[in-house]
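Undergrad: Turn this into a structure:
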Amino acid sequence: MSRARLHELYETTVRSALMEEFGYKNREGAALSEKIVVNMGVGEDGEGRKKVRGRGQRLTANRPSIR
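TA: Residues are numbered from 1 along each chain as shown. The predicted model follows:
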């Protein structure tokens, strides 16, 4: 199962930087990302829904929920 790119970035870059900056010795001491929400505007007429679907899927590796 592949992981989302943002999650991979957090695990490899951000979490280690937090550990170094705050002096955590245990990996679990640094904040854990449970959920990332991405909001994208489509405009008033809603024509951008197809673009949002493609971009959202590339960004998060999940099918976006368009409401």
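Undergrad: pLDDT weak spots in the protein?
TA: Residues of the chain meeting the criterion pLDDT under 70: 1-3, 33, 43-50, 60-61, 64-67.
Undergrad: which residues are contacting the longest helix along it?
TA: For the chain, the helix that runs over the most residues, judged by DSSP state H, is helix 49-60. Residues outside helix 49-60 that contact it (C-beta atoms under 8 Å, 6 or more residues apart in numbering): 4, 5, 6, 36, 38, 40, 42, 62, 63, 64, 66. (Glycine included, C-beta is placed from N, CA and C.)
Undergrad: With only the CA atoms kept, save it in CSV.
TA: Output in CSV follows, covering the C-alpha atoms of helix 49-60 (Å, rounded to 0.1, in the frame of the first residue of the first chain):
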residue,chain,number,x,y,z
ARG,A,49,-14.3,20.3,-10.5
LYS,A,50,-12.5,18.1,-13.1
LYS,A,51,-9.2,19.9,-12.5
VAL,A,52,-9.6,19.6,-8.8
ARG,A,53,-10.2,15.9,-9.0
GLY,A,54,-7.0,15.3,-11.0
ARG,A,55,-4.9,17.7,-9.0
GLY,A,56,-6.2,16.5,-5.7
GLN,A,57,-5.5,12.9,-6.6
ARG,A,58,-1.9,13.7,-7.6
LEU,A,59,-1.3,15.7,-4.4
THR,A,60,-2.8,13.3,-1.9
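Undergrad: How far does that helix sit from its chain's centre?
TA: Averaging C-alpha positions (C-alpha atoms, centre = their mean, to the nearest Å) puts helix 49-60 13 Å from its chain's average.
Undergrad: all helices for this protein, in order.
TA: In the chain, the helices defined using DSSP H lie at 5-9, 15-22, 49-60.
Undergrad: Could you dump the ones you listed into CSV and include mean neighbour count and distance to residue 29?
TA: CSV is the format used below for the helices of the chain (neighbours: other C-beta atoms under 10 Å; distance: least, C-beta to C-beta, whole Å):
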stretch, mean neighbour count, distance to residue 29
helix 5-9, 13, 19
helix 15-22, 13, 7
helix 49-60, 13, 27
